[in-house]
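Participant: coordinates only, sequence not included:
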C-alpha cells in the first residue's frame, strides 16, 4: 500500500481488513471506520448484565443492530482499496461482545434454543438500547379441585357452565403464575372441562400453560400453587404443546335421582362391564363417545350413586338425563326416568402426559 495512505484506522479495524505491510498506529477514537467503538465493548457488556439481572437464565443469544454510518465508513474504505470477502464491522463487534460477555457473566451463548435473546441497538455516538425477550416457556401439570363453585348465571346452557368454570380456574392460575414469572402473557390449555359444581380428584386434570416473555426461563424443582380450593401441581421441566389431544379416560361419580322408587332390577340393568358406544345428537353435529364400565349403588329409595369409566369430554348430564336424542341414555338402559344432580371427576387416566 502506498505511503500517502490518508486513512486513520485503529488496529482493531486494520486487523479485520487483512492489510499487509501497513504500520500499526495508536489510533482509537480517531478511527475513520469505528470511531473507537472497540473501546466501548466492556461498557456495553456491563449494560447487558444490568439489563438482564431480573431474568433467571442459563443461555442467551446476543444480536447487534448498528447505525448505518459504521457500515458506510467501512464500505467506502473497502471500495477505495478493493477489499472483498472480509468480515464486516458488525460481525466482528458481535463476536467480541459475545466472547467478552460470556467471560464476565459465566453464561453460555446458544445459537439454537437460547433462554433469552438480547438485541443491542448501537447508535452513531455509541448510545445503546438493550431489548430482551425470553423464549416462550411451556409447562405441564395437573389441577385438583376440592371445592364446588356455584355459578351466578341462571338458566345457562351446558357450554356456558363449562366456560364459566374454565375461566374461573384459568384466572386463578394466571394471577399466581404472573406474580411468580413477571411475564407478559399466559395462555391456559386444560385437557377437558368440568362443570363449576364438579370436583376434580385423584391425580387431577392435565393442563398446559404457555408463558410469554417470562423473567424465569426454567424452574429448579416441581412446584404447586394453591388457591380457592384448587391445587395446581406443575412440572419443573419445560414441555411442548401436544399436536393433538391425548386420549383420556375419566372415572366419574354421579349422584342420580329418579321419578319412582328403584328396584334391584333397575340397578341390575345399569351395572354392566360391557362397553357402550353412545351417540349424542345436537344442532351442529353428531359425536360418539365410549362408556367402558358402569356400577351403581343404591343410596335411598329414589337415589343412587353411579360410577362410570368413560371418554374424556363425555357429556355426563346429557347421557343421564337423555337430552338431545342421546342414544342409548340412562333412562333407556334402566327403564326409569333419571336426572343427574351432580357429578365429580374421581380420576383422569392417561399415559405419557403430565
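Facilitator: Nice, thanks for sending it over. Owing to the predicted nature of the structure, the values given are computational and were not obtained by experimental measurement.
Participant: going forward, measure contacts and count neighbours with C-alpha atoms only.
Facilitator: Will do.
Participant: Could you pull out the strands in this protein for me?
Facilitator: 59-66, 108-109, 116-122, 128-134, 137-145, 185-190, 200-212, 223-227, 230-234, 249-258, 276-281, 286-300, 303-311, 338-349 (DSSP state E).
Participant: Tell me the buried residues in stretch 319-334?
Facilitator: 319-322, 326-334 (16 or more other CA atoms under 10 Å).
Participant: For the residue lying closest to residue 266 once chain neighbours are set aside, give its distance to residue 192.
Facilitator: In this structure, residue 266 finds its nearest non-sequential neighbour in residue 334, 5.1 Å apart by CA to CA, 6 or more residues apart in numbering. Counting by CA to CA, to the nearest Å, the gap from residue 334 to residue 192 is 28 Å.
Participant: With residue 132 instead?
Facilitator: Using CA to CA, residue 132 is found at 35 Å from residue 192.
Participant: Show me which of those two is the more surrounded one.
Facilitator: residue 132 (19 against 15; other CA atoms under 10 Å).
Participant: partner residues bridging the more buried one?
Facilitator: Counting by DSSP bridges, residue 132 is bridged to residue 118.
Participant: so what's it up against?
Facilitator: Residue 132 is in contact with 52, 116-119, counting by CA atoms under 8 Å, 6 or more residues apart in numbering.
Participant: Please repeat the previous calculation with a cut-off of 7 Å.
Facilitator: Shown in contact with residue 132 (CA atoms under 7 Å, 6 or more residues apart in numbering): 116-119.
Participant: just curious, which of those is nearest to residue 242?
Facilitator: Of all these, residue 242 sits closest to residue 116, with 23.4 Å by CA to CA.
Participant: Do I have it right that the closest one meets residue 135?
Facilitator: Yes. In this structure, residue 116 is within contact of residue 135 by CA atoms under 7 Å, at 5.8 Å.
Participant: who has more neighbours, the two?
Facilitator: In terms of neighbours (other CA under 10 Å), residue 116 is the more surrounded of residue 116 and residue 135; the figures are 27 against 18.
Participant: which residues touch the nearest residue to that one once chain neighbours are set aside?
Facilitator: Sequence neighbours aside, residue 134 is the residue nearest to residue 116 in space, at 4.0 Å (criterion: CA to CA, 6+ apart). Residue 134 is in contact with 115-117, 213-214, 217, counting by CA under 7 Å, 6+ apart.
Participant: Tell me how far residue 134 lies from residue 217.
Facilitator: Distance, residue 134 to residue 217, by CA to CA: 7 Å.
Participant: Which neighbours do these two have in common?
Facilitator: residue 115.
Participant: For the residue lying closest to residue 267 once chain neighbours are set aside, grab the count of nearby residues.
Facilitator: Nearest residue to residue 267, sequence neighbours excluded (CA to CA, 6+ apart): residue 296, at 6.3 Å. Residues lying near residue 296 (other CA under 10 Å) number 21.
Participant: Verify the contact between residue 296 and residue 308 for me.
Facilitator: No. The criterion here is CA under 7 Å, and residue 296 misses it with residue 308 at 8.8 Å.
Participant: domain parsing for the chain?
Facilitator: Using automatic domain parsing, the domain ranges for the chain come out as 37-134, 137-234, 249-349.
Participant: Longest helix in this structure, by number of residues?
Facilitator: helix 158-181 (DSSP state H).
Participant: coming back round to it: between the domains of the chain, which one is closest to residue 14.
Facilitator: When the domains of the chain are compared by CA to CA, domain 37-134 sits nearest residue 14, at 10.7 Å.
Participant: so how far does the closest one reach from one end to the other?
Facilitator: Its start and end residues considered, domain 37-134 measures 27 Å (CA to CA).
Participant: any idea of the mean pLDDT for that domain?
Facilitator: Averaged over domain 37-134, pLDDT sits at 94.
Participant: Can you pull out the low-pLDDT segments for the protein?
Facilitator: Low-confidence segments of the chain (pLDDT under 70): 1-5, 19-25, 27, 151-159, 161, 324, 351-354.
Participant: May I have the residues that are in contact with the spatially most central residue of it?
Facilitator: In the chain, the centroid-proximal residue (CA atoms, centre = their mean) is residue 210; its distance is 1.5 Å. Taking CA under 7 Å, 6+ apart, we find residue 210 in contact with 136-139, 186-188.
Participant: ok, back up a step: turn the strands of the chain into CSV, including distance to residue 79.
Facilitator: Listed next are the strands of the chain as CSV, based on distance: least, CA to CA, whole Å:
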stretch, distance to residue 79
strand 59-66, 20
strand 108-109, 34
strand 116-122, 24
strand 128-134, 28
strand 137-145, 46
strand 185-190, 48
strand 200-212, 45
strand 223-227, 60
strand 230-234, 59
strand 249-258, 70
strand 276-281, 75
strand 286-300, 70
strand 303-311, 71
strand 338-349, 69
